[in-house]
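Enquirer: Sharing a model prediction with you, sequence too.
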Amino acid sequence: MSESIYPPAQAHLARMRRDLAPDTEAAFVAFSRQVFADGALPAKVKQIIAVAVAHVTQCPYCIKGHTKAALRHGASAEELMEAIWVAAEMRAGGSYAHSQLALAEIEAFAGTSARTEET
C-alpha cells in the first residue's frame, strides 16, 4: 500500500522536460525566480502563500517543494499550519458560496412545480 500515484521527482524526467522545450523551461524558471523573489511581499510570505495554494490545487510536488522553501526562508510550523487551515477554509468556502447556484435551481424548480400543480 506504500505505492503512490505520484512518482518521486526524477532528475532524468526533469532533463527530458527541459530538453523537449528548452526555451519554455527557461522562461518558466525565470518567471518562478521573479515571482518568489523579495518584493512588496518577502520571499517567506510568498512561500507560505504557495504552501496554501498548493494544498488547494492538491499538488503533492508543490506541497513538498514549497514547504521546504518556506522553512528555508524562516517560516515556522505554526505559520505553515495556519496557512493550510486558510486553504482548507477557502476550499470549503467555495462549496458554501456556490451552494447558491443549487439553491436557486431548487427554488426555480419548486416554482415551476407549483405552477404546474395549479394548472
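Expert: Sure, I can see it.
Enquirer: Could you say which helix or strand holds Glu117?
Expert: helix 77-118 (DSSP states H and E).
Enquirer: Show me what that helix is packed up against.
Expert: Helices and strands touching helix 77-118, by 3 or more CB pairs under 8 Å, 6 or more residues apart in numbering; DSSP states H and E, are helix 43-57, helix 60-72. No exception for glycine: its C-beta is placed from N, CA and C like everyone else's.
Enquirer: Residue ranges in this protein under the pLDDT threshold?
Expert: Flagging of the chain using pLDDT under 70 yields the residue ranges 1-2, 114-116, 119.
Enquirer: Could you look over the helices and strands packed on helix 77-118 and pick the most buried one?
Expert: Most buried of the helices and strands packed on helix 77-118, by mean neighbour count (mean count of other CB atoms under 10 Å): helix 43-57, with a mean of 19.
Enquirer: would you put the C-alpha positions of it in PDB?
Expert: This file holds the C-alpha atoms of helix 43-57, laid out as PDB (Å, rounded to 0.1, in the frame of the first residue of the first chain):
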ATOM      1  CA  ALA A  43      10.000  35.600   0.000                       C
ATOM      2  CA  LYS A  44       9.000  33.900   3.200                       C
ATOM      3  CA  VAL A  45       5.400  35.200   2.900                       C
ATOM      4  CA  LYS A  46       5.300  34.200  -0.800                       C
ATOM      5  CA  GLN A  47       6.400  30.700   0.100                       C
ATOM      6  CA  ILE A  48       3.700  30.400   2.800                       C
ATOM      7  CA  ILE A  49       1.100  31.600   0.300                       C
ATOM      8  CA  ALA A  50       2.500  28.900  -2.100                       C
ATOM      9  CA  VAL A  51       2.000  26.200   0.500                       C
ATOM     10  CA  ALA A  52      -1.600  27.300   1.000                       C
ATOM     11  CA  VAL A  53      -2.300  27.400  -2.800                       C
ATOM     12  CA  ALA A  54      -0.600  24.000  -3.300                       C
ATOM     13  CA  HIS A  55      -3.000  22.500  -0.800                       C
ATOM     14  CA  VAL A  56      -5.900  23.900  -2.700                       C
ATOM     15  CA  THR A  57      -4.600  22.700  -6.000                       C
END
